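# kindly return the folded structure for what I paste below:
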Amino acid sequence: MLNLPAKNAEEVNNTWGIVSGILYGPEFKEDIIEENDNRVVTRITSCPFLNRAKEMGIDPKDGFGSCQAYSKSIVENLNPNYTQRFESGMCLGDSYCENVVQLKTLQ
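As a prediction, this is how the structure comes out:
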């Protein structure tokens with residue numbers, strides 16, 4: 001509907017970033033580690049969900065499954081040829097969330 005590009009991994013990741021910025025505001029920050037048409041690896045270094053969980057005294061680990069499900073769903077709905085997974089998570093105690101968006105045939 002918004003005509004945001006999602007033909008390859010770079011476009012899917014960029015569009016996901018735009019949507020996330022609209023929904024979650026400026027607290028969501030990530031750095032691109034690897035990027036090509038088939039695969040993008042980012043490190044998320046600031047997350048509003050983690051910040052709110054800490055402020056409310058909620059165990060951040062409780063949100064990891066929901067975040068993974070949401071993230072995979074948005075990527076696969078932007079382009080069903082691509083998928084997403086987290087290699088690490090701040091809510092699990094890591095210093096960043098390593099996020100991988102890639103062509104499903106590369107799995």
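
# quick one, phi psi at the closest residue to residue 84 other than its chain neighbours?
In space, and not counting its chain neighbours, residue 84 is closest to residue 75: 3.9 Å by Cβ to Cβ, 6 or more residues apart in numbering. Backbone N, C-alpha and C define where each C-beta goes, glycine included. Residue 75 adopts backbone torsions of phi -60, psi -50, taken as degrees, to the nearest 10.

# residue 75 against residue 82, yeah?
Yes. Judged on Cβ atoms under 8 Å, residue 75 makes contact with residue 82 at a distance of 5.5 Å.

# between those two, which contacts overlap?
Counting by Cβ atoms under 8 Å, 6 or more residues apart in numbering, the contacts common to residue 75 and residue 82 are 12, 101.

# separation between the residue of the chain positioned farthest from its centre and residue 24?
Distance from the C-alpha centroid of the chain, by Cα atoms, centre = their mean, peaks at residue 57 (23.4 Å). According to Cβ to Cβ, to the nearest Å, residue 57 and residue 24 sit 20 Å apart.

# next, the buried residues of stretch 80-88.
Of all the residues in stretch 80-88, those buried under the rule 16 or more other Cβ atoms under 10 Å are 81-84, 86.

# so which of the residues you listed are in strands?
Taking DSSP state E, the ones among those that sit in strands are 82-84, 86.

# hang on, the earlier thing: contacts only, for the residue nearest to residue 84.
Counting by Cβ under 8 Å, 6+ apart, residue 75 touches 12, 16, 82-84, 101.

# surely residue 76 is within a strand?
No. According to DSSP: H, G, I helix; E, B strand; the rest coil, the state of residue 76 is helix, so it is not within a strand.

# for residue 27, see how far away it is.
25 Å.

# before we move on, back to that, from the ones in strands among the buried residues of stretch 80-88, which single one is nearest residue 31?
Nearest to residue 31 among these, counting by Cβ to Cβ, is residue 86 at 15.1 Å.
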